[in-house]
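Undergrad: sequence first, then the predicted structure:
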Amino acid sequence: MNNIWGLIVSYVFIFLVIGISTVLQKKNVLKDEGARKFIHIGVAHWWIIAMVFFDNVYFAIIPPITFIILNYASYKMNLIKSMERGGKGNLGTVYFPISLLILVLLTFTDVIGASTYIGAIGILIMGYGDGLAAVIGKKYGKHPLAFGKSFEGSITMFIVSFLVTFVILIRYGSLASAVLVGLGVAIAGTVIELFTPKGLDNLTVPLGTAILAFILLLI
């Protein structure tokens, strides 16, 4: 029954985030990019719902699969305007749930022996790190780097990635591992985010940081 509740809470939560973003965009509280990043950061919290409710991987993969299909349909037909960028060629909204699906399969099973909090590191870095880096970079970025990204955005990515990793690992591990792994993951996440173009960072950032965190913790 817990897994059924997980599905109900998942869909209510995700559509609530999208709905709030749409309303804020229509009322001009958020601009187009702000609405997208609101969804980007908000939906990342689904991983916490998954950790709380799901103990069966077959239930846990249902929401990501649903939103791979829904987001692709929205990309093709511009169904959810607050979520889409103008023009084609950026499948970031589709890559997001693909990352969720892959990390669910890796951490909700014994495939590699990774715990679900490893997935949380990758997904919340993608949500907060990548999301806030874009917001800060767009508003305050004065020193351009690669792929239209800025030094200011990359510094934001580094700080947020470290904090996300540190907060999660201090809950599940030691202070030393939280600091050392946090620094390693933050550096890697910043570099990956900087050099990944066209929304592909919604794949490379969560998968890269989660896998690196897992490897560093093994070491």
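TA: Everything's here; your move. Numbers count the residues shown, from 1 in each chain.

Undergrad: the residue nearest to residue 160 when sequence neighbours are not counted: what's it in contact with?
TA: Leaving aside its sequence neighbours, residue 160 sits nearest to residue 129 (CB to CB, 6 or more residues apart in numbering; 4.2 Å). Every C-beta, even on glycine, is put in place using the N, C-alpha and C of the backbone. Residues in contact with residue 129 (CB atoms under 8 Å, 6 or more residues apart in numbering) are 156, 157, 160, 161, 164, 189, 193, 205.

Undergrad: wait, the last one sits on residue 189?
TA: What that stands for is residue 205. Yes: contact between residue 205 and residue 189 holds when scored by CB atoms under 8 Å: they sit 5.9 Å apart.

Undergrad: just give me the neighbour total for residue 22.
TA: By the criterion of other CB atoms under 10 Å, residue 22 has 18 neighbours.

Undergrad: right, and it touches residue 80 too?
TA: Yes: A contact is recorded between residue 22 and residue 80 when judged using CB under 8 Å, the distance being 7.4 Å.

Undergrad: pretty sure the residue nearest to residue 160 sits in a helix.
TA: Yes: when DSSP: H, G, I helix; E, B strand; the rest coil is applied, residue 129 is found to be in a helix.

Undergrad: and for residue 72, the neighbour number?
TA: Residue 72 is surrounded by 15 other residues when neighbours are defined as other CB under 10 Å.

Undergrad: thank you kindly, that will do.
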